[in-house]
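Enquirer: Got a sequence here, can you build the structure:
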Amino acid sequence: MNDVSLREQSIVLIGFMGVGKTTIGRSVAKKLYRDFIDIDEEIEKKFNLPTPEIFKKYGEKKFRETEKEIIIHSCKQKLKIISVGGGAFLQEEIRKACLSECIIFFLDLSWDSWKERISLLIDSRPVLQGKTIEQIEKLFYERQPIYEGHHSRVITDNLVVDEIADYITDSLKTAWDIYEPNGN
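Expert: Numbering: from 1, shown residues only. This is a model prediction of the structure:
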């Protein structure tokens, strides 16, 4: 474990693409007065291209290398709320860095609830393009085990963004009070 106090550790949100990591992350950041880092946005800034274009022009391998570099750097920072892409945890180095440096919340959304969002997601997610609903469902379930490396699971079905963000901030404050009373 690192030597950063629990209260100062950055928070990482993980989960399948489109579960709401960015929207929820922004809300949690606001509630905790922290900076928010969206890893996909950071990658897009670095290439000055949207994600689908990065995949097309440079390939997924280059995207994943850049993703790893940015996440590992971000994890070492204090007091951040970090949203990582749905596929980031496929890389063991990323999982290890996040687990050892940060507090990880897994945003868990059921397939049935996720499926309702597909039309909003399909265009911006290169990993989904050209796939049938059956192939996407297979990917959804194949990826679930990679999210098992977390400190806390939040079942997000039937909850709105604010409820999820409140749940995360409340559980963090409770943990801080238990493990580091008086902020020490």
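
Enquirer: Quick check: buried residues in the strand with the most length in the chain?
Expert: Taking DSSP state E as the criterion, the chain has its longest strand at strand 103-108. Residues of strand 103-108 classed as buried: 103-108 (neighbour count, 16 or more other CB atoms under 10 Å). For every residue, glycine as well, the C-beta is placed using N, CA and C.

Enquirer: quick one: low-confidence ranges for the protein?
Expert: Residues of the chain meeting the criterion pLDDT under 70: 1-2, 183-184.

Enquirer: Can I get whatever helix or strand comes next after the longest strand of the chain in CSV? Just the C-alpha atoms.
Expert: Counting by DSSP states H and E, the next helix or strand C-terminal to strand 103-108 is helix 111-115. Output of helix 111-115 as CSV, limited to C-alpha atoms (Å, rounded to 0.1, in the frame of the first residue of the first chain):
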residue,chain,number,x,y,z
TRP,A,111,-27.1,-6.3,-19.1
ASP,A,112,-30.9,-5.6,-19.4
SER,A,113,-30.4,-2.0,-18.2
TRP,A,114,-27.3,-1.5,-20.2
LYS,A,115,-29.0,-2.8,-23.4
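
Enquirer: Identify the residues contacting helix 111-115?
Expert: The set of residues external to helix 111-115 that reach it, using CB atoms under 8 Å, 6 or more residues apart in numbering, is 16, 18-19, 133, 137, 140-141, 156-158.

Enquirer: which strands and helices sit next to the host helix or strand of residue 22?
Expert: Using DSSP H and E, residue 22 sits within helix 21-32. Judged by 3 or more CB pairs under 8 Å, 6 or more residues apart in numbering; DSSP states H and E, helix 21-32 is in contact with strand 11-14, strand 35-38, strand 80-83, helix 161-179.

Enquirer: What residues of that helix count as buried?
Expert: For helix 21-32, the neighbour count (16+ other CB under 10 Å) marks 21-22, 24-29, 31-32 as buried.

Enquirer: Could you tell me the angle between that helix and helix 161-179?
Expert: On the basis of axes from the mean of the first three to the mean of the last three CA atoms, to 10 degrees, helix 21-32 is oriented at 50 degrees to helix 161-179.

Enquirer: Any chance you could list what contacts helix 21-32?
Expert: Residues outside helix 21-32 that contact it (CB under 8 Å, 6+ apart) are 11, 13-15, 34-36, 38, 40-41, 81-84, 86, 107, 156, 161-162, 164-166, 168-169, 172.

Enquirer: ChimeraX command for the buried members of these?
Expert: With 16+ other CB under 10 Å as the criterion, this ChimeraX line picks the buried residues out of these:
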select :11,13,14,15,34,36,38,40,81,82,83,84,86,107,156,164,165,168,169,172
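
Enquirer: contact partners of the top helix by length along the chain?
Expert: For the chain, the helix with the greatest residue count under DSSP state H is helix 51-75. For helix 51-75, the surrounding residues in contact (CB under 8 Å, 6+ apart) are 10, 12, 37, 39-40, 42-44, 46-47, 49, 80, 82, 84-85, 87-88, 90-91, 93-94, 97-98, 101-102, 123-126, 129.

Enquirer: Thanks a lot, see you next time.
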